[in-house]
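A.B. asks: Quick check, what structure comes out for this input:
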Amino acid sequence: VFTLDLGHVRGTAEVWVDGRTAGVRLWRPYRYACGSLEAGPHRLRIRVTNTLGTYYETGRPSSVVGANNAIMYWTRKDESAWQPIFPSGGLYGPVRISE
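C.D. replies: From the prediction side, this is the model:
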């Protein structure tokens with residue numbers, strides 16, 4: 001029996017192995033029991049679905065969404081220092097398969 005561990009994920013993760021669903025996880029641990037797999041190539045599909053919070057906080061944040069009100073996000077100045085304080089979505093891993 002093989003287990004797939006996606007590691008760090010920001011969002012909902014769905015996994016398919018060889019076209020068969022392995023499950024959906026809304027929060028950690030993002031682990032999936034993949035059953036027995038024969039030797040050879042296999043097809044792994046992972047879909048991570050983010051919330052609109054990620055879109056709005058990165059694209060056009062406001063004091064309603066969070067962060068520092070002293071930063072004017074809509075100016076032409078380089079304000080890249082604020083980006084790490086906003087949550088982002090996606091699959092960060094490390095992705096591991098174990099027996």
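A.B. asks: Let's see the helix or strand hosting L91 as CSV, backbone CA atoms only.
C.D. replies: Taking DSSP states H and E as the definition, one finds L91 inside strand 90-93. Only the C-alpha atoms of strand 90-93 are listed here, as CSV (Å, rounded to 0.1, in the frame of the first residue of the first chain):
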residue,chain,number,x,y,z
GLY,A,90,-0.9,26.4,-4.1
LEU,A,91,1.1,23.2,-3.6
TYR,A,92,4.4,23.9,-1.8
GLY,A,93,5.3,20.3,-0.9
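A.B. asks: what residue ranges in the protein score low on pLDDT?
C.D. replies: The chain contains residues with pLDDT under 70 at 53-88.
A.B. asks: where do the strands sit along it?
C.D. replies: 2-5, 8-10, 12-17, 20-25, 31-35, 44-49, 90-93, 96-98 (DSSP state E).
A.B. asks: in the fourth one, what's buried?
C.D. replies: Okay, so that is strand 20-25. 22, 25 (16 or more other CB atoms under 10 Å). For the C-beta atoms, the positions are set from N, CA and C on the backbone; glycine is no exception.
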